[in-house]
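> Below are the sequence and a predicted model; questions follow.
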Amino acid sequence: MITLKNGLVFIENDFVKTDVLIDNDKIIKISNDINEGQIIDCKGLLIAPSFMDSHVHFREPGYEQKETIYLGSRAAAKGGYTTVFLMPNINPKPNSIENLKYINSIIEKDSIIDSYQTGCITFDQSGLGDKLSNMEEIAPYVCGYSDDGCGVYKSSTMFEAMKIAAKLDKPIISHCEDRDMLFGGCVHEGEWSKKVGLKGIPGVSETLEIARNAALAKVTGAHLHVCHTSIKESVDLIRYYKSIGCNISCEATPHHLISIDEDINPNDANWKMNPPLASREDRDALIEGLKDGTVNCIATDHAPHTEEEKARGIEKAPFGITGIEISFPLLYTELVKTNKISLNLLLNKMSHDMAETFKLKNHDIYVGNEANITIIDLDAHYQIDKNTFISKGKNTPYDGKWVYGKIKYTIKGGKIIYGM
Ligand SMILES: [Zn+2]
């Protein structure tokens, strides 16, 4: 048994000073004056439901030089997460029973958290062809379907995929970009890109594909989940489709919620990700979307790359930054400490609301629920140091940044999987 002693516990959207008793995998008692088993002194610490992340790249199998399931899951635990969705741009692709059995066997062996693999939409995950993955066959092995990294090119292909996904009651987790509208850009097209002379990706490339996919979701009844929403017009469009009863949800990343294109150092490819950081208005629209419920959850898009790859410069380096170990402190420092959003909202968007979005068991703290808990020191003030990351990916633009909020322990199913 474990007693979490004297913490401030996030229960039913409120903060309560109490003790929490964990026995085996479950929370069995919440009250004052518990002193059973191993006592963890949580005085001055926040006890919250452990985080969930609908968008991570653990790169395995296929790209173990960038990240592995072993290290990625431990990095996630360090960030306070116990549930993640793994994106499909790996090799072999998650498109058949055989491949999924293989991928899930690595997860079974190496992951210390709940890592759920997405299956491909198109067979080769390129989004280009008509051939779909074996969506029906792989349904029991996947949490949804995604070609993340690529948009799905043809409307008719997405239409077929959505009809099947609707029948199987699984979400389409969609990286929305119209590939004809990227123009070889490496940053967001706008005043800033023109000023520094970098090729831009127009934000409308995202909004266009969301518009098509939302329209298809409306007629097929499929659940469309839009990945890493980045543009004001996209948020507005998703808000509209929600208002007319479309089964659409979306996520935003920590970096799109706290940074804008003007923050980018053009000489540092650790500022390069897809979609790129957009304007201040876009960032503010995402925060508004968090508040009014248009943005369902926060997902890191943790995307490790090697230092050699990122050393190629902002035009040639691959897109993507890491973030699963530093998402909470960044968001807490930049959004909560600045009074842009409440701590309650942040905690919900990182856990409860993702469970709601994907109909997963939540990590809420109540007697009888499985003990999936993150313990946080909100007052800890420190500098982010990429060299302390468990993740292989050190590609973050936030190295050296001063933040508040440190994860002290992560508990999954009653077991301490990360602790300082
Ligand atoms: Zn993506």
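Yep, it's here.
> from the stretch 301-420 of the chain, which residue is nearest to the ion?
Asp301 (6.4 Å; CB to the ion). (C-beta placed from N, C-alpha, C; glycine too.)
> count of neighbours near that residue?
30 (other CB atoms under 10 Å).
> Equivalent analysis for Leu8, please.
Leu8: 18 neighbours (other CB under 10 Å).
> residues in contact with it?
Residues near Leu8 by CB atoms under 8 Å, 6 or more residues apart in numbering: 15-17, 42, 45-47.
> Just the buried ones from these, in PyMOL syntax?
This is how PyMOL selects the buried members of these, with burial counted by 16 or more other CB atoms under 10 Å:
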select buried, resi 15+42+45+46+47
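> possible to save the contacts of Leu8 as a markdown table with pLDDT, secondary structure and distance to the ion?
Converted to a markdown table, the contacts of Leu8 look like this (pLDDT from 0 to 100; DSSP: H, G, I helix; E, B strand; the rest coil; distance: CB to the ion, whole Å):
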| residue | pLDDT | secondary structure | distance to the ion |
| --- | --- | --- | --- |
| Phe15 | 98 | strand | 34 |
| Val16 | 98 | strand | 38 |
| Lys17 | 98 | strand | 41 |
| Cys42 | 98 | coil | 37 |
| Leu45 | 98 | coil | 34 |
| Leu46 | 98 | strand | 31 |
| Ile47 | 98 | strand | 32 |
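> For Val142, give me its contacts.
Applying CB under 8 Å, 6+ apart, the residues contacting Val142 are 94, 100, 116-119, 170.
> Among these, which one has the most neighbours?
Ranking the contacts of Val142 using other CB under 10 Å puts Gly119 first, with 30 neighbours.
> So which bits of this protein are right by the ion?
Proximity of the chain to the ion, by CB under 5 Å from the ion, involves residues 148, 175, 227.
> how about 6 Å then?
Proximity of the chain to the ion, by CB under 6 Å from the ion, involves residues 148-149, 175, 227-228.
> What distance do you get for the nearest residue to Leu128 once chain neighbours are set aside to Ala161?
Among residues not flanking Leu128 along the chain, Tyr153 sits closest, at 5.3 Å (CB to CB, 6 or more residues apart in numbering). To Ala161, Tyr153 is 12 Å away according to CB to CB, to the nearest Å.
> which residues sit against stretch 303-318?
With CB under 8 Å, 6+ apart, stretch 303-318 has contacts from 57, 59, 65-67, 72, 186-187, 198-199, 264, 266-273, 319-322, 391-395.
> Chain neighbours aside, what residue packs nearest to whichever residue of the stretch 101-250 of the chain sits closest to the ion?
Ranked by CB to the ion, the top residue of the stretch 101-250 of the chain for proximity to the ion is His175, at 3.6 Å. Counting by CB to CB, 6+ apart, Asp148 is the residue found nearest to His175 once chain neighbours are left out, at 4.4 Å.
> Since that was my last question, I'll sign off now.
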